[in-house]
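Student: Attaching a predicted model along with its sequence, questions to come.
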Amino acid sequence: MSDTQWETYEVFHQSRRGRPHEHVGSVHAPDPEMALQMARDQFARRLDCVSLWVVRSSDIAQTDYQDPNFFSQVFDKSYRDPKAFDAPARTEPAES
Amino acid sequence: MTEKSHNEQLTEFEARVARGDKVEPGDWMPDEYRQNLIRMIGQHAHSEIVGQLPEGKWIPYAPGFRRKLTLVAKVQDEAGHGQLLYRAAETLGKSREEMIDELLAGKAKYSNVFNYPTPTWADVGVIGWLVDTAAVINQSMLAQGSYGPYARAMKRICYEESFHIKQGYDAIVALAKGTPAQRAMAQDAIHRWWYPTLMMSGPPDKASPHTEKAMRWRIKTKTNDQVRQEFVDLIVPQIRALGLDVPDRDCVYDEAAGHYRFTQPDWEELKRVINGDGPMNKERLDVRRRSHEEGRWVREALAAKAKRANAA
């Protein structure tokens, strides 16, 4: 009997106000409301939780692990890093 | 993107695994790796689901309200672990429904230990303490494995299993400090569970032909014999510290080896129990089938509600 499959929902868990929602896993559910209940039972049984998000797994667009080009750093982008600067904490006025 | 040959992909895959990188669902992987993991994770999921039954039976009879609540929480954890694992297996391409159907049809394998009876309250304690200690040793090993979704599920599960071990140990300590009859009950349960728990880590390495590849692909990071030895070394001193013992006169500490020696379990018994012919296999599946049928109206009600919400 095909009545145990349902769709899947990805679950995001926020442990405290001010923290980000983090992906913790997924649940099977027939609709979003049940997905939230399942998510509470599955991922908020013990640890602190102030908020849960659920989203249909099929609504998530994702990059392809097999595509080597998507994240390639073709150019040197070190200028985006604060460590790339060698500016001194104090300077003497330039001789005129 | 240029097409890579099978050999190129295999080389890349093995290099990724060798440097300790995780494999994720969208990655190329050898079919044998995928099939092995589907089988392992599926069996693991079934074990959690069936694992609710031997202890669940004791919920109405738990001595005291606190122990009853704790046991309910533990059994609920096992249901949750089963679902986490079915999800992890699904990322490899087999649906939860297929796996559930196989379990109900008696075609799926699951851990040997859940096919033994639990006639006394001490069995609940020993399952939590001994069986779950062996499970955590195995699962912390699997948490280091190469497949991302399985390793992530293992981390969460290990955290919760440590609570299971504590509740089991606590129950046995209460019996060990109790009347002679309570002490005898604890000792009897350890005797009955000792060999089934040793079998739980799987057949000996020399009879386990897939070990080499499973280690190379980091499906496992320790062999069955290593996991079993680790369990014995950890648990024997704990058992003896409570004035209890294991049913094995040859279980002595070998100074030179730095390990406990122990008698191997009856591997023929493991085969029989895994293949459906243990003391409780039939009963476990009967209960599972009955509860699946008894829960059907809930699934139908949820489906009807979802249908109405979608129509609105």
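Tutor: Alright, I've got the coordinates. Numbers count the residues shown, from 1 in each chain, chains lettered A, B, ... in the order given.

Student: okay, stretch B:30-37 in CSV with CA atoms only?
Tutor: Once non-C-alpha atoms are left out, stretch B:30-37 reads as follows in CSV (Å, rounded to 0.1, in the frame of the first residue of the first chain):
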residue,chain,number,x,y,z
PRO,B,30,30.8,3.4,-7.6
ASP,B,31,27.6,1.4,-7.8
GLU,B,32,29.0,-1.0,-5.3
TYR,B,33,29.5,1.8,-2.8
ARG,B,34,25.9,3.0,-3.3
GLN,B,35,24.4,-0.5,-3.0
ASN,B,36,26.5,-1.3,0.1
LEU,B,37,25.5,1.8,1.8
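
Student: Can you tell me what sits against it?
Tutor: The contact list for stretch B:30-37 (CB atoms under 8 Å, 6 or more residues apart in numbering or on different chains) reads B:10, B:13, B:23, B:89, B:92-93, B:147, B:150, B:210, B:213-214, B:217, B:219. For glycine as for every other residue, the C-beta is placed from the backbone atoms N, C-alpha and C.

Student: Per-residue confidence, the residue in the stretch 201-312 of chain B positioned nearest to chain A, what does it come out as?
Tutor: Closest contact between the stretch 201-312 of chain B and chain A, by CB to the nearest CB, is at B:A306 (3.7 Å). As predicted, B:A306 sits at a pLDDT of 88.

Student: Please list the residues of the stretch 101-250 of chain B that sit near chain A.
Tutor: B:R152, B:A153, B:R156, B:E160 (CB under 8 Å from any CB of the partner chain).

Student: In contact with the first one, which residues are there?
Tutor: When contacts are counted by CB under 8 Å, 6+ apart, B:R152 is found next to A:G25, B:A88.

Student: repeat for A:P20
Tutor: A:Q14.

Student: Is it in a helix, a strand, or coil?
Tutor: Secondary structure state of A:P20, per DSSP: H, G, I helix; E, B strand; the rest coil, is coil.

Student: related to what we said a few turns ago, now flag whichever of the residues of the stretch 101-250 of chain B next to chain A is closest to A:A94.
Tutor: B:R152 (56.7 Å; CB to CB).

Student: if we can go back for a sec, by neighbour count, sort out the buried ones in the residues of the stretch 101-250 of chain B next to chain A.
Tutor: B:R152, B:A153, B:R156, B:E160 (16 or more other CB atoms under 10 Å in any protein chain shown).

Student: Just the helices from chain B, written as ranges.
Tutor: B:6-18, B:31-56, B:65-90, B:96-104, B:121-126, B:132-142, B:148-176, B:180-200, B:211-216, B:224-241, B:267-274, B:281-294, B:296-311 (DSSP state H).

Student: highest average neighbour count across those?
Tutor: By mean neighbour count, with neighbours taken as mean count of other CB atoms under 10 Å in any protein chain shown, helix B:121-126 ranks first of the helices of chain B at a mean of 26.

Student: Extract the CA atoms of that helix and return them as CSV.
Tutor: Extracted C-alpha coordinates of helix B:121-126, given in CSV (Å, rounded to 0.1, in the frame of the first residue of the first chain):
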residue,chain,number,x,y,z
TRP,B,121,13.1,-5.5,33.9
ALA,B,122,16.8,-6.1,34.1
ASP,B,123,16.8,-6.8,30.3
VAL,B,124,15.8,-3.1,29.7
GLY,B,125,18.8,-2.0,31.8
VAL,B,126,21.2,-4.4,30.0
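
Student: Tell me which residues are up against that helix.
Tutor: Contacts of helix B:121-126 (CB under 8 Å, 6+ apart): B:54-55, B:58, B:61-63, B:71, B:117-118, B:168-172, B:175, B:185-186, B:188-190, B:192-193.

Student: So which of the helices of chain B is nearest A:D59?
Tutor: helix B:296-311 (14.8 Å).

Student: contacting residues around B:W193?
Tutor: Taking CB under 8 Å, 6+ apart, we find B:W193 in contact with B:V113, B:Y116, B:D123, B:V126, B:I127, B:L130, B:V131.
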